[in-house]
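Asks: What follows is a predicted structure for the sequence shown.
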Amino acid sequence: MADLPVGRHLQNHYATYFNISFAKSDILSSIYYNLTDRKFETYLRGVEDGVLSAEGSGPQAFFVSDIAKSAGESNWPDIQFLQLETTVGHNGLPSVMMEVCLVRPKSVGRLKLNTKKYLKGEREDTRLTLLDYNLFGHDQDKPRLIDGMKKVLRIFNTNVFKQYGVKIVPDGPCVGSNFDAYLACYVERYTMAEYHSVGTCRMGHGSDEQNSVVDSKFK
C-alpha cells in the first residue's frame, strides 16, 4: 500500500474561440455554404473530395508566443490556431469559428473523488468527481494565450484577407475597452478546457519520481 499523488497533476489544453465574418461565402470550405445536390451525388459515387470529405477542422498552424521565446523555448510551439467547421452567422454575413489553443499550459489542476459519497452508496460519476483544471493558475498562461490571439488577429488584418471583406465579430461585454484590455476580457470569458486531460497518473523519472504515480518503467 502506498500513498501516491494520484490526480495531483491534471493538465489540459485551453482554447479561446472567436468568429470572423466574410463578405463572400464561396471561399469558405464549409458544408453549410458550399454543399449542393451535385456535390452530394458526386460524393456518393465514390469521389472523395470536396466539402463532405472534410474532417471537421480546416487550415491550422503552430507557432511560438513571445512569452515562450523570452523563456528560451523558441524551438517548441505553444500556440495552435485552426479553423473549425462550425458555421455561424453575424448581421447576415457568412461566418466561421476560429480557435486559438494553448498547447503547452503550465497550469496544473487536480482530480479528486468524493469518497464520502461513494461510501454512502453514490455511484454517479458526475457526483463523485471533484475536477479543478485551475485554468490560468500559472501567471504565464493567460499572457501566452493573449499573445496568440494578437498574432492570429494580425493575420486576418492583412491585405490578403481584407480583399474578402473579413471582419472580426466583436464581443459585446468586452467592447469599449482598449485593445489589450479587450483581449484580456475576451480570453477570460471565452477560454475553456479541451477534451485532452492528462497527468492524473503521472509518469516520472529520477528526482521527479516523488511527484509521480509510476516511474519510467511503469512501476
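Replies: Good, I have the coordinates.
Asks: List the contacts of the nearest residue in space to residue 71 that is not next to it in sequence.
Replies: Distance criterion C-beta to C-beta, 6 or more residues apart in numbering; nearest residue to residue 71, sequence neighbours excluded, is residue 140 at 7.6 Å. Any C-beta I mention is one placed from the backbone N, CA and C, and that applies to glycine too. When contacts are counted by C-beta atoms under 8 Å, 6 or more residues apart in numbering, residue 140 touches 67, 71, 106.
Asks: and if you look at residue 186?
Replies: Counting by C-beta under 8 Å, 6+ apart, residue 186 touches 16, 18, 149, 171, 174.
Asks: of those residues, closest to residue 195?
Replies: residue 16 (15.7 Å; C-beta to C-beta).
Asks: element containing the closest one, please.
Replies: Under the criterion of DSSP states H and E, residue 16 resides in strand 14-21.
Asks: hang on, the earlier thing: now the residue nearest to residue 71: how far from residue 183?
Replies: According to C-beta to C-beta, to the nearest Å, residue 140 and residue 183 sit 16 Å apart.
Asks: does residue 197 really touch residue 10, like I thought?
Replies: Yes - in this structure, residue 197 is within contact of residue 10 by C-beta atoms under 8 Å, at 6.4 Å.
Asks: Now the common contact residues for the two.
Replies: Common neighbours of residue 197 and residue 10 (C-beta under 8 Å, 6+ apart) are residue 111.
Asks: which one of these two has more residues nearby?
Replies: The neighbour comparison of residue 197 against residue 10 (other C-beta atoms under 10 Å) goes to residue 10, with 21 against 15.
Asks: so who does residue 134 touch?
Replies: 10, 107, 108, 109, 110.
Asks: again, only using 10 Å
Replies: Residues near residue 134 by C-beta atoms under 10 Å, 6 or more residues apart in numbering: 10, 11, 12, 105, 107, 108, 109, 110, 141.
Asks: most neighbours, which of those?
Replies: Comparing the contacts of residue 134 by number of neighbours (other C-beta under 10 Å), residue 105 comes first, having 24 neighbours.
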